[in-house]
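S.K.: Attaching a predicted model along with its sequence, questions to come.
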Amino acid sequence: MPEALRVVLAAGGTAGHIEPALNLADALRRTDPSTAILVIGGERGLESTLVPERGYDLSTVRSAPMPRRPSLDLLRIGPSAWHAMRDAGRLLDEFGAQIVVGFGGYAALPTYLAARRRGVPVVIHEANARPGLANRVGARLTPHVFSSVPDTLRGARVVGLPLRSAISGLDRLTRRAEARQAFGLRDDAVVLLVFGGSQGAAHLNEVVSSTIDELTADGREVLHAYGARNDQPPAHTGYVRLAYLDRMDLAYAAADLALTRAGAMTCAELAAVGLPAVYVPLPIGNGEQRLNALPVVNAGGGVIVDNADLDAAAIASTVVPLLRDRPRLEKMAAAAATYGVRDADEQLARTVMEIAAARKARG
C-alpha cells in the first residue's frame, strides 16, 4: 500500500483564514480518503472551535503578534516568535509532514519558517486582495504561491478561493422552491438577503430596521441574519429575521439580491453561486474588504456602497431600484457567475498532491 500523504495546514485567527484551509482539507480527503491532515493554529483564534467541528485535528503554537509590514520590527518580536517556530517544528516532526499549505494568520509564519528549515515544501494561498504579513513573508520562501484574486502576491497563480462543497455545488434555481419553503418566504416574492458577519452586522441591522417599510413594499421580502450578539430587530410583515444562518446554501438559493459586507469568503461564495450583491465593505484593517469586492463589481456582478454612505437614502437610491429591476438582477447574476470560481478547492488539492509527489520522487 502506498504511504498516505501527510499534509499540514497552517491557518488561524479568523474564519477568513480557517475556512479555506478546511475546505481544502475536505477536497484532499475526497480525492484520497487516506490523506492525513493536521491543522496548526494559534492559541486564541476561532480555530479552537471551527477545526474540531469539521472533524480535523488541531495543534497550536504560541501566538506572536506580528508587525503589519516586513521591517526590523520582525527582529524585535522577541522570544515568543522563536518559541512559536520551535513549537511548529516539533509538530511537523511528530506528524511527519510531507507538505505545508498556509493560509495566513499568526500561526502561519512560524510554520512556514519551520518547514523551510526542514526542507518540507510550502504552498501559500492568499484569500484577500491585500495580503497580511505572514503570507507576504511566506511567499518569499516558496515558488508555490496562489491567490483568490489577481495582483496580490508577486508571482501568485490565481485559482480562486476554496469553498465548501455545499456552496460550490449549489444550483440556486433548482433549490429555490425548497429554500423559500425552508425560510417561510413566498415563491413569487423578490427576496433581499442581509447578513454582516460577527463584526459587521450592527450598522446593517440599524439601516435595514429603519427602512424595512421601503424594502418590503410591493410584496418584496427580506431574509435577515442579524447576528447572535445583536438585539433582535422588530417584527414586520414580509421580514424573516434570524440570529444566525446555518444553511447559507439555502439562503443564497432563496435570494435575488444580497446586502452584505465584503469579506473574501463572502465575495467568493456570492460570485460562485451567481448571486448579485450590494457590498458594504467593513472599514477595518488595511481596507482589504473594498478590494475584495472590486473584481466581481467590475465584472458586473455587484455594486459597492461605502459604509459611511449606507443610510436610508442609499437604500432608496441603490437597493430598492435593484429589487424592482428583475432583468438587471438577472444580468448581474450571470456576470457574477461568470467571474466566480467553483472548483478552487479541487484545483488546489490536485496541485498540493502533485508538489508532494514530486518532492517524494526526488527523495
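M.R.: Arrived safely.

S.K.: Compute the number of surrounding residues for Leu245.
M.R.: 16 (other C-beta atoms under 10 Å). (Glycine included, C-beta is placed from N, CA and C.)

S.K.: And it, how far from Thr237?
M.R.: Distance from Leu245 to Thr237, counting by C-beta to C-beta, to the nearest Å: 21 Å.

S.K.: can you map out the strands along the stretch 251-363 of the chain?
M.R.: With DSSP state E, counting those that start in this stretch as the criterion, the stretch 251-363 of the chain has strands at 257-260, 277-279, 302-304.

S.K.: Out of these, flag the one nearest Glu221.
M.R.: Nearest of the strands of the stretch 251-363 of the chain to Glu221, taken as C-beta to C-beta: strand 257-260 at 11.4 Å.

S.K.: Which strands border the closest one, and is each parallel or antiparallel?
M.R.: Using DSSP bridges, strand 257-260 pairs in its sheet with strand 191-195 (parallel), strand 277-279 (parallel).

S.K.: Show the subsequent helix or strand relative to the longest one.
M.R.: Once strand 191-195 ends, the next helix or strand along the chain (criterion: DSSP states H and E) is helix 197-210.

S.K.: how about the helix or strand following that next one: buried residues?
M.R.: Next along the chain after helix 197-210, taking DSSP H and E as the criterion, comes helix 212-215. By neighbour count with 16 or more other C-beta atoms under 10 Å, helix 212-215 contains the buried residues Ile212, Leu215.

S.K.: Name the residues of stretch 146-159 that come out as buried.
M.R.: In stretch 146-159, counting by 16+ other C-beta under 10 Å, buried: Phe146, Ser147, Ser148, Val149, Thr152, Leu153, Ala156, Val159.

S.K.: how close does the third one sit to Val158?
M.R.: Using C-beta to C-beta, one gets 7 Å for the distance from Ser148 to Val158.

S.K.: Where does the prediction get shaky in the stretch 101-250 of the chain?
M.R.: 198 (pLDDT under 70).

S.K.: Now do the helices in it.
M.R.: All helices of the stretch 101-250 of the chain, identified by DSSP state H, counting those that start in this stretch, fall at 108-118, 133-138, 165-168, 172-183, 197-210, 212-215, 248-254.

S.K.: Output the ones you listed as JSON lines; include the columns distance to Ile124.
M.R.: Shown next, in JSON lines, are those (distance: least, C-beta to C-beta, whole Å):
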{"stretch": "helix 108-118", "distance to Ile124": "8"}
{"stretch": "helix 133-138", "distance to Ile124": "5"}
{"stretch": "helix 165-168", "distance to Ile124": "22"}
{"stretch": "helix 172-183", "distance to Ile124": "32"}
{"stretch": "helix 197-210", "distance to Ile124": "25"}
{"stretch": "helix 212-215", "distance to Ile124": "42"}
{"stretch": "helix 248-254", "distance to Ile124": "27"}
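
S.K.: Of all the ones you listed, which one comes closest to Leu329?
M.R.: Here helix 172-183 is closest among these (C-beta to C-beta), at 12.0 Å.

S.K.: mind checking which helix or strand Ile40 is in?
M.R.: Assigned by DSSP H and E, Ile40 falls in strand 36-41.

S.K.: okay, now the domains of this protein?
M.R.: Split into domains by automatic domain parsing, the chain comes to 6-163+343-362, 171-339.

S.K.: so Pro20 makes contact with Val159?
M.R.: No: contact criterion C-beta atoms under 8 Å: Pro20 and Val159 do not qualify, at 10.8 Å.

S.K.: Return every residue with contacts to both of these two.
M.R.: The contact sets of Pro20 and Val159 overlap at His125 (C-beta atoms under 8 Å, 6 or more residues apart in numbering).

S.K.: Can you name the residues that contact the residue nearest to the spatial centre of the chain?
M.R.: Geometric centre of the chain, nearest residue: Met265, 2.3 Å, by C-alpha atoms, centre = their mean. Met265 sits next to Ala15, Gly16, Glu19, Pro20, Ala127, Leu161, Leu163 when contact means C-beta under 8 Å, 6+ apart.
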